[in-house]
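Engineer: Fold the following and give me the result.
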Amino acid sequence: MHYSWTKSRNSWGVAINKWLRSTLIAVVVTALMMSACSAPQESLYKEQILVFGTLVDVSFWGADPALAQRASVELHQLFERIHSRWHAWQPGMLMRINERLAASHSIAVDDDAMALLRRSAELSRASGGLFDPAIGQLIALWGFHNSDLPQGPPPAAQQLEQLVALQPSMADLQFADGRLSSTSSAVQLDMGGVAKGYAIDLAIAKMRELGISNGIVNAGGDLRAIGRRGERPWRIGIRNPRGDGAIAAIEVRGDESIFTSGDYERFYQYEGRRYHHIIDPRSGYPAQGTRSVTVIHSDATTADAAATALFVAGPSQWRQVAAAMGIEQVMIIDSSGEISMTAAMKERVVLLNGER
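Structural biologist: Residues are numbered from 1 along each chain as shown. Take a look at the predicted model:
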């Protein structure tokens, strides 16, 4: 999802208030409440980690308490490291990369960063450029490179047209001998649409390395779950994009990532019009026609990028883009509130009005 996961705050109070709001605007883990009485409470270990400007919920089932506490500490360190490396507007690795690319210079990049950038380029290509982290200048122009939401009128049309005409793209990146360069100085990377998924994938790998086989990592509503919650599968709810609570429920099958992109996550209103943070690279404006897209996939990195791409694709193109990206399970809610799903998703989703 193109979620501004890098919105760090200095105050616990601000972050906690933000988290309380975020639980109403994304996929939420309802199993932790819905089946709380199905097994002894001590079998469930829960921890909240303040990072990415929100609280990341980590839940382990049936783990030894000492192991669970160790895992929580190591996941916290992992998230903090990724946060500092890929923050879009605070000093760190990504800012150094963008400064070098803007000056038409190459920069040495370590193997982990190179792997994410290559994977992001692959996902961008598969999406037909609808997911494209190279449009950082557009996102900054809209004012979303800031901890606070933009205020006032949207950018001038001429400014947007000039940036769109430059066509910055992940296809402009070149990878050679451990160095990154770009054929276009207009490329400015914003990894907010994929780095959270990447972080969750690394967190799940760390959990398994430590011997934890049942758990959930839920970062601001986007999650990956492995194993089961005792005798039950993990069960999650999908947020209603225009109301309180969940609109649907899904049971997780073993190891799955569930990501949602929505126009309600980060937006502002000006003169009665909503401007959200999911920018269409083709127009330079917030994508139109969609309220939310939910994607299920085996890994969180792909699910994160695909949720953004399908949101931008909108009601008329999402099926083609999903096929191109290898995404079989999708639910989309368009701007009129109509719900559409792939056949594979329809088998999974229980709409909370009693329909399937």
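Engineer: Checking Leu149 next. Helix, strand or coil?
Structural biologist: Of the three states, Leu149 takes coil under DSSP: H, G, I helix; E, B strand; the rest coil.
Engineer: looking at it, it is touching Glu265, isn't it?
Structural biologist: No. Applying C-beta atoms under 8 Å as the test, Leu149 and Glu265 come out as separate, 11.1 Å apart. In short, each C-beta sits where N, CA and C put it, glycine included.
Engineer: In the helix or strand where Thr308 lies, which residues are buried?
Structural biologist: Assigned by DSSP states H and E, Thr308 belongs to helix 300-325. By neighbour count, and taking 16 or more other C-beta atoms under 10 Å as the criterion, the buried residues in helix 300-325 are 300-315, 318-319, 321-322, 325.
Engineer: and stretch 318-335, how far out from the chain's middle?
Structural biologist: 16 Å (C-alpha atoms, centre = their mean, to the nearest Å).
Engineer: cool, stretch 167-182 as well?
Structural biologist: 23 Å.
Engineer: What's the local residue count around Glu209?
Structural biologist: Glu209 has 10 neighbours, counted by other C-beta atoms under 10 Å.
Engineer: my bad, Thr54
Structural biologist: Neighbours of Thr54 (other C-beta under 10 Å): 26.
Engineer: Ok, Leu75 next?
Structural biologist: Residues near Leu75, counting by other C-beta under 10 Å: 25.
Engineer: what do you get for Gly211?
Structural biologist: By other C-beta under 10 Å, the residues close to Gly211 number 10.
Engineer: Let me see the contact set for it.
Structural biologist: If you count contacts by C-beta atoms under 8 Å, 6 or more residues apart in numbering, Gly211 has them with Ala63, Leu67.
Engineer: how much space between it and Arg70?
Structural biologist: Using C-beta to C-beta, to the nearest Å, Gly211 is found at 10 Å from Arg70.
Engineer: pLDDT value on the closest residue to Ser127 other than its chain neighbours, please?
Structural biologist: Closest residue in space to Ser127, ignoring its immediate chain neighbours: Ala309 at 3.8 Å, by C-beta to C-beta, 6 or more residues apart in numbering. Here the pLDDT value assigned to Ala309 is 98.
Engineer: Contact partners for Ala309?
Structural biologist: Neighbours of Ala309 in contact, by C-beta under 8 Å, 6+ apart: Leu123, Ser127, Gly128, Leu130, Phe131, Val321, Met325.
Engineer: Comparing Leu149 and Glu265, which residue is more hemmed in?
Structural biologist: Higher neighbour count among Leu149 and Glu265: Glu265, with 22 against 15, using other C-beta under 10 Å.
Engineer: surely that one meets Pro286?
Structural biologist: No. Contact criterion C-beta under 8 Å: Glu265 and Pro286 do not qualify, at 11.6 Å.
Engineer: between those two, what contacts are shared?
Structural biologist: His276, His277.
Engineer: Can you tell me how far Gln269 is from Pro153?
Structural biologist: Going from Gln269 to Pro153 by C-beta to C-beta gives 11 Å.
Engineer: Next: Ala68.
Structural biologist: From Ala68 to Pro153 the distance is 49 Å (C-beta to C-beta).
Engineer: Compare those two (neighbour count), which wins?
Structural biologist: Comparing Ala68 with Pro153 by other C-beta under 10 Å, the one with more neighbours is Ala68, at 23 against 9.
Engineer: Look up the closest residue to the more buried one, ignoring the ones flanking it.
Structural biologist: The spatially closest residue to Ala68, leaving aside those adjacent along the chain, is Tyr45, at 3.9 Å (C-beta to C-beta, 6+ apart).
Engineer: Same check on Ile97?
Structural biologist: Ile107 is the one closest to Ile97 (C-beta to C-beta, 6+ apart), at 5.6 Å.
Engineer: Mind listing the residues bridging to that neighbour?
Structural biologist: Leu180 (DSSP bridges).
Engineer: pretty sure it is in contact with Asn98, am I right?
Structural biologist: No. Distance between Ile107 and Asn98: 9.5 Å, which falls outside the contact criterion (C-beta under 8 Å).
Engineer: contacting residues for the residue nearest to Ile97?
Structural biologist: Arg96, Ile97, Arg100, Leu101, Arg179, Leu180, Ser181.
Engineer: Name the nearest residue to the fifth one, sequence neighbours excluded.
Structural biologist: What that stands for is Arg179. Arg179's closest residue in space is Ser106 (C-beta to C-beta, 6+ apart), at 4.5 Å.
Engineer: Please apply the same query to the third one.
Structural biologist: Across the structure, with C-beta to C-beta, 6+ apart as the measure, the residue nearest Arg100 apart from its sequence neighbours is Ile107 (4.1 Å).
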